[in-house]
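Asker: this one's sequence-less:
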């Protein structure tokens, strides 16, 4: 049972006997002469023998930091508590192999590949190495770059092909993980839209169908590859000829027929012409039908041409409309074409459908040559096209080199440069996002986060962003570290009331904490403004303790090991030397 210490009364000059008896009983308990031996006092020699304290002169600075010890005055000016050596983790000397990355995914944006991966948590990450091969063989993989975050952008810059990717984790000690997988992550790139469009434009412009649609109806040659030149050389200036014929004949209907037959050739041709004219004003309709066989080549063609002209002293106008059907079989080559053209004083428009087969490989094309092109709903009440691409009856519209689509469902789109007013997306994968107005999101994930400062962006030759770096950021999250660079830093809260409070702030290099609950803390030096006291203490209470700034102290009980004395030395208790002195 614990031996109860006597209460030492305050000395008032008349109770010296009570004070001395209480002190004597306390001394006897502490030296082990009275009560339970477990309540006896412990000397520094006892503690030193147990290696719980050491002479202050022997207390040295530990490797990597200062000794944490109780001040010498607290322990009588000669002893200090030895430092508790807590191992300090050094990521650069941790040679444990890091875990490999997981879930490597790749997305191709034209000739650029965007890679992301997941990481199993470990204490000393440094960066990741990215490898690439043209076949799914990790032995042939070559390192193409590194990343300090869980993403990487690979600008392949080549033609469309399939690449295979792997990732290795590298620790701060330079130790590499195993491959993320023995199988490579396959990503197939594409060709930039601008390159594709240029190639398609060249193919369309060089096609025979486009050349036919672009030719005027009175051109000298009607275009290579078509019956106008190959079959009826006499129809070099078809529209001009029939109009001239109309002026010459006036109102007339004529028919011409021609047939020829040899051992290996056969030709049948019929031309019907309807004309009307007054002076130099004329109108004509001509239909020419031709069937020809030459060896193993057969051709069938029908051309219908409508032409009108008005010629006055001040102006002359001519308009011609032509419809052409053409079919040819020559050996194993097949060709079919249908065109409709309008020549309005040299402004040629129209559309054409062509199909051909060479060595059993068919190809086809449909080309429209027009200033405007639209798809109009059948229920539209409009009787003409207009310039409004958002009209409810026109879901698709082409004008001025631009395409307007009212509403579209696209499974896979490739866009070089998109200007979008509003985006609703389930997933957005991007190598670089530039938000000039703001970014609003409930959650942000990533290995790196920067705020404040400025950003430097690297671009490729096509204007695509390939990388960026943060310059002097105010807030930085990188490699597991968080850094704030600011003149003042505050944490504010409204958790329990409508009034905003600042429980923590750093102002002018001084940290201020309004209220803190600290489990274990080490303080080199503390400046207490007013009072330090135990939890729940209040004035007049019978429990707890308090020490004020003026030096006053309140305790229920006190255990003194060493010397207890007043500032004027009129009251001295020296337990070590078993000496008590009271001067009155």
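Answerer: Everything's here; your move. Since the structure is predicted, the reported quantities are computational estimates derived from the model, not experimental observations. Residues are numbered from 1 along each chain as shown.
Asker: Now do the helices in the stretch 51-200 of the chain.
Answerer: With DSSP state H, counting those that start in this stretch applied, the stretch 51-200 of the chain shows helices at 193-206, listed in chain order.
Asker: Flag the shaky bits of it, pLDDT-wise.
Answerer: 53-87, 158, 193-194, 196-197, 200 (pLDDT under 70).
Asker: roughly how far apart are the residue nearest the centre of the chain and residue 420?
Answerer: For the chain, the residue lying nearest the average C-alpha position, counting by CA atoms, centre = their mean, turns out to be residue 430 (4.0 Å). Using CB to CB, to the nearest Å, we find residue 430 at a distance of 13 Å from residue 420. The way it works is simple: take the backbone N, C-alpha and C, and place the C-beta from them, glycine included.
Asker: What helices and strands are in contact with the host helix or strand of residue 506?
Answerer: Following DSSP states H and E, one finds residue 506 within strand 501-507. Judged by 3 or more CB pairs under 8 Å, 6 or more residues apart in numbering; DSSP states H and E, strand 501-507 is in contact with strand 488-493, strand 510-513.
Asker: got TSV for the ones you listed, with mean pLDDT, distance to residue 451 and mean neighbour count too?
Answerer: Listed next are the helices and strands packed on strand 501-507 as TSV, based on pLDDT from 0 to 100; distance: least, CB to CB, whole Å; neighbours: other CB atoms under 10 Å:
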stretch	mean pLDDT	distance to residue 451	mean neighbour count
strand 488-493	85	13	11
strand 510-513	85	22	10
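Asker: Distance to residue 132 for the ones you listed - can I get that in CSV?
Answerer: Below are these laid out as CSV (distance: least, CB to CB, whole Å):
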stretch, distance to residue 132
strand 488-493, 43
strand 510-513, 49
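Asker: tell me which residues form a beta bridge with the closest residue to residue 145 other than its chain neighbours?
Answerer: In space, and not counting its chain neighbours, residue 145 is closest to residue 130: 5.2 Å by CB to CB, 6 or more residues apart in numbering. Beta-bridge pairing for residue 130 (DSSP bridges): residue 145, residue 167.
Asker: what's around residue 130, how many residues?
Answerer: When counting by other CB atoms under 10 Å, one arrives at 23 neighbours for residue 130.
Asker: Residue 168 versus the spatially closest residue to residue 123 that is not a sequence neighbour, what's the distance?
Answerer: Closest residue to residue 123 apart from its sequence neighbours, by CB to CB, 6+ apart: residue 91 at 6.4 Å. According to CB to CB, residue 91 and residue 168 sit 18 Å apart.
Asker: More neighbours: which of these two?
Answerer: residue 168 (20 against 15).
Asker: Nearest spatial neighbour of that one, chain-adjacent residues omitted?
Answerer: Per CB to CB, 6+ apart, closest to residue 168 is residue 129, 4.5 Å.
Asker: and what of residue 159?
Answerer: Nearest residue to residue 159, sequence neighbours excluded (CB to CB, 6+ apart): residue 191, at 6.6 Å.
Asker: With residue 267 instead?
Answerer: residue 260 (4.5 Å).
Asker: That neighbour in helix, strand or coil?
Answerer: strand (DSSP: H, G, I helix; E, B strand; the rest coil).
Asker: follow-up on the earlier one: what is the distance between the strand holding residue 506 and the centre of its chain?
Answerer: 34 Å (CA atoms, centre = their mean, to the nearest Å).
Asker: All good on my end, thank you.
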